[in-house]
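Chemist: Pasting the sequence and the predicted model now:
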Amino acid sequence: MQRTRNLLFAVVALTLVVALVAAPGHSTKTAKAQEPGTLLEVAAAAGNFTILLAAVDAAGLTDTLNGEGPYTLFAPSDEVFAALPEATVAALLSDTALLTEILTYHVVPGTVMAADVMGMDGQSATTVEGESINISIKEDKVVLDGNAEVVTPDVVASNGVIHVIDGILVPLVDVDPLLTEGDIVTAGSSTVFPLSTVMAQRFEEGGYTGTITVDSVGTGAGFERFCVNGETDISNASRPIKQEEADSCAALATPRTPVEFRVGTDALAVTVNPALECVSDLTIEQLAQVYSAVVTNWNEINPDCGDVPIALFSPGTDSGTFDYFVEAIFAKDETPLLAANPQLSEDDNVLVQGVEGNPGGIGYFGYAYYTANASALKILNINGVTPDFETAESGEYPLSRPLFIYSASEILAEKAQVADFINFYLTNVDDEIGAVGYFPASNASISVAKLNLYIALYAAMQ
Amino acid sequence: MANQQVVAADQAPVAARPADEQINLKKRIRPFEVLIQGFLFFSGAVSIITSIAIVVVLGKEALLFFSTPTWHELRDQNNSLVSLATDIETDATTLKIPAGTEVKIPLNGKIRLDNEMMRVTAFEGDTITVERGLEDSPQVAHKAGAIIEEEGDKVSVVEFLTGTKWQPHVGEFGVLALVSATLTISLIAMAVALPLGVGAAVYLSEYASESVRNKLKPILEVLAGVPTVVYGYFALTFVTPILQGLLGKETLGIYNMLSAGLVMGIMILPTVASMSEDALRAVPRALREAAFGLGSTKLETSTRIVLPAGISGIVAAFILGISRAVGETMIVAIAAGARPYFTFNPFEAAETMTGHIVRISTGDLSYGTIDYDSLFAIGLTLFLMTLVLNIVSRQVATWLREEYD
């Protein structure tokens, strides 16, 4: 649908360009009839760029953008800015120089129409800020810096053109793993583990010569190493950091200020033994009954099942997956689940084997473990919703959750290799995440992550 | 020869001394000898000192376990969790809980929010007045929604030894849930290892020719060298599916004690066989010859004469086998399941003491929590179990020993 629309835009834009070139006289007449204002006037008239305009004003760039130009402005809409956490917005607005750098990175000198860009796959465009934006074409859509997609191209103004994008562009320098040295220590969630491993491998294939370790110990244990022992540089997490964990970080001998980077979305897959044909859908309530042993036989869920006792499998209490499940199904109260005495293991393969080997087995884990074992397991719909890319991203599937990596501004300032790796991670994660079995984070979330990284690095340089 | 030389060398200086000077009879100090003796003593002492140190550490931590109070979440009349109704500042001394919550909070009792401990000084309606930051816990601000925990009782030794539920997160510490699985699996293992082991021993010692014995025994002992993790996966991916095929998947889950026990029996088989065979071989040849001379068959000689004569060695092998089975970790961690469950039914999945220690300690376990201390209590119980088995085995061996020469 969107693809068709973009194609349509491109065609329209192309026609316009052709018309401009072919019949200059005629086109002047058309332009006069529409009388577009300056870039900022056009944006103001559109109505959904209020935050961008306020930021432009705060950075003192109003006059520039109303000036002669011509400029090409990549404009994130208000919905993109709405995804920014308060702290990030505050950090941005408190520093005019920083704000200016970010904003001027959205401006390219000259009028660059979408049709011109279509042929520039793999090339880059230098911005007013000085750094260049990488351009790639994916499925006929223009993608900037890997994570911002042009959703509405070619909004013409008197002094240039506006392209509406669905992320914020961040002037991070491209990382060359060849030039990165020093070791990186990471640990945390077993759910993020496969993804981080792939990213680490890719970083190493790029020529990184240091050692990067990725330990799968569970989100809680990861934060303990990060905040209590202070021994890791990056903590993988399948839930946001808790207040007391952040407190521990601040209480370290060399305090750490955790910085969050969203890297993807996971859907919790609830799976049963494939032999259990009578069950294909559970409601959240039924899931709670099953996992609190209120219901102990599948024939209580569906009489067609016959006498099949339920065998419960659950990730161990230290995993973020367990925390998330308890939060989503039992309102943070783990007692009923643990009182049902399920088989607990931090090793998801143990759970997969358990569900596969017990006719009444039910288990839940990250979607990646389901995709890796799809032939041996049967996935259930929850509340009638099948987990897939669309339902996880939209949040329609009730058991979807964000995946994060955490570092601290102090570490980013001190260890260039950590900042490089995270930069590399954020830029390339979308290429790998599908193969690992998770769903990509929205462009807005990735750009928030990049912005967090940029702000932390910017603060370190001051 | 050597002795004579030494004597000759000693005599020479004595002869040179004046007659009135007394002969020095003190032992000469030989530094090298002292060094060697010291090293040999050290070698022996290392294992003893290590054992003592382990017992001390286990005992100290286990003591902590029995002296640390448990914490559990505060629950209201509907058995729901009670949480903070409003944010509180770092120095505030009153807490609000949601209006209409009926909950029992003992005066002067301790409650905990996040990691901060507080003492309740007054409780009225939905307001709790507290003394903050007890026992050097971090006094920080707390957000609404934080779950309130209250201090519970300590775990008593009786509760620990007689309870049949092991669910640390719910405050249930009954070690029998773990002991039952350890015993069940060990008994299955011995049921496999004892008849097969003694049978192999009798064959090797009484029936096999010398050349066959010399080939077979090393091969049998190779079994003892197979890493236990290999046995674990052998149980999970080979033995369990076969058992499931025989008994039906409905009866036997993928993780069960039966499979782990059978494979563990195979694992300790060489130990039992080899030790029993040594015991049987030690039976004097004269006894056998006398039996044959009286017209006994080979079977009669083996079962009526040689086995009774070697029984003390066989019992020692049996007890050592049980000790190994009780302490075995990898097979049960892989194949026996991952939940503490009080049952002696071998078709069920249940976790042994060693399996539980391994699973819990590979996850996130903070030092000083009751879960952490509980591991040492389990470890100590395990240690005492094997210690008792060893003492019993020595006693039985002495008691049954028959002297012939």
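Modeler: The structure has been received and is ready for your questions.
Chemist: Enumerate every residue touching the residue of the stretch 301-450 of chain A found nearest chain B.
Modeler: When scored by CB to the nearest CB, the stretch 301-450 of chain A has A:G357 as its residue closest to chain B, at 2.3 Å. (Glycine included, C-beta is placed from N, CA and C.) Going by CB atoms under 8 Å, 6 or more residues apart in numbering or on different chains, A:G357 touches B:240, B:244, B:249, B:253-255.
Chemist: now with 6 Å?
Modeler: Shown in contact with A:G357 (CB atoms under 6 Å, 6 or more residues apart in numbering or on different chains): B:I254.
Chemist: Now it: phi and psi?
Modeler: In terms of degrees, to the nearest 10, the main-chain angles of A:G357 are phi -90, psi -10.
Chemist: Next, find the distance separating it from A:T197.
Modeler: Using CB to CB, to the nearest Å, we find A:G357 at a distance of 27 Å from A:T197.
Chemist: again with B:I311
Modeler: Note on B:I311: its distance to A:T197, by CB to CB, is 57 Å.
Chemist: between those two, who's got more neighbours?
Modeler: Applying other CB atoms under 10 Å in any protein chain shown to B:I311 and A:T197 shows that B:I311 carries more neighbours, namely 19 against 16.
Chemist: For A:A87, the count of nearby residues, please.
Modeler: A:A87 has 12 neighbouring residues, counting by other CB under 10 Å.
Chemist: what does A:E410 give?
Modeler: A:E410 has 18 neighbours, counted by other CB under 10 Å.
Chemist: same thing with A:I382?
Modeler: 26.
Chemist: What residues are bridge-paired with it?
Modeler: Beta-bridge pairing for A:I382 (DSSP bridges): A:L282, A:V385.
Chemist: and it, what pLDDT?
Modeler: Note on A:I382: pLDDT of 93.
Chemist: Where does pLDDT dip in the chain?
Modeler: Going with chain A. Applying pLDDT under 70 to chain A flags residues A:1-35, A:393.
Chemist: wait, chain B
Modeler: Scanning chain B for pLDDT under 70 picks out the ranges B:1-21, B:363-368, B:403-405.
Chemist: how about the nearest residue to the closest residue to chain A within it, chain neighbours excluded?
Modeler: Per CB to the nearest CB, B:I254 is where chain B lies closest to chain A, at 2.3 Å. What sits nearest to B:I254 in space, not counting adjacent residues and going by CB to CB, 6 or more residues apart in numbering or on different chains, is A:G357, at 2.3 Å.
Chemist: Output the longest helix belonging to chain B.
Modeler: helix B:31-67 (DSSP state H).
Chemist: So which bits of that helix are buried?
Modeler: Buried residues in helix B:31-67, counted by 16 or more other CB atoms under 10 Å in any protein chain shown: B:58, B:61-62, B:64-66.
Chemist: so what secondary structure elements neighbour it?
Modeler: helix B:370-400 (3 or more CB pairs under 6 Å, 6 or more residues apart in numbering or on different chains; DSSP states H and E).
Chemist: if you look at the helix it packs on, does any of it touch chain A?
Modeler: No. Helix B:370-400 lies out of reach of chain A by CB under 6 Å from any CB of the partner chain, never closer than 9.1 Å.
Chemist: part of a strand, is B:T121?
Modeler: Yes. Secondary structure of B:T121 (DSSP: H, G, I helix; E, B strand; the rest coil): part of a strand.
Chemist: now the nearest residue to it once chain neighbours are set aside: how far from B:K110?
Modeler: Spatially, and ignoring its direct neighbours in sequence, B:T121 is nearest to B:T129 (5.0 Å; CB to CB, 6+ apart). With distances taken as CB to CB, B:T129 is found 14 Å from B:K110.
Chemist: who's more crowded, those two?
Modeler: Taking neighbours as other CB under 10 Å, B:T129 and B:K110 compare with B:K110 leading, 19 against 14.
Chemist: and that one, bridged to which residues?
Modeler: B:K110 has these beta-bridge partners by DSSP bridges: B:R119.
Chemist: Might you enumerate the residues of chain B proximal to chain A?
Modeler: So chain B meets chain A at B:81, B:114-115, B:140, B:167, B:169-170, B:249-250, B:253-254, B:337-339, B:363-364 (CB under 6 Å from any CB).
Chemist: Could you identify the buried members of the residues you listed?
Modeler: B:81, B:114, B:140, B:167, B:170, B:249, B:253-254, B:337-339, B:363-364.
Chemist: tell me the domain ranges of the chain?
Modeler: Looking at chain A here, since you left the chain open. Residue ranges for the domains of chain A, per automatic domain parsing: A:2-165, A:177-265+A:402-461, A:267-400.
Chemist: ah, no, chain B please
Modeler: What automatic domain parsing lists as the domains of chain B is B:71-152, B:173-400.
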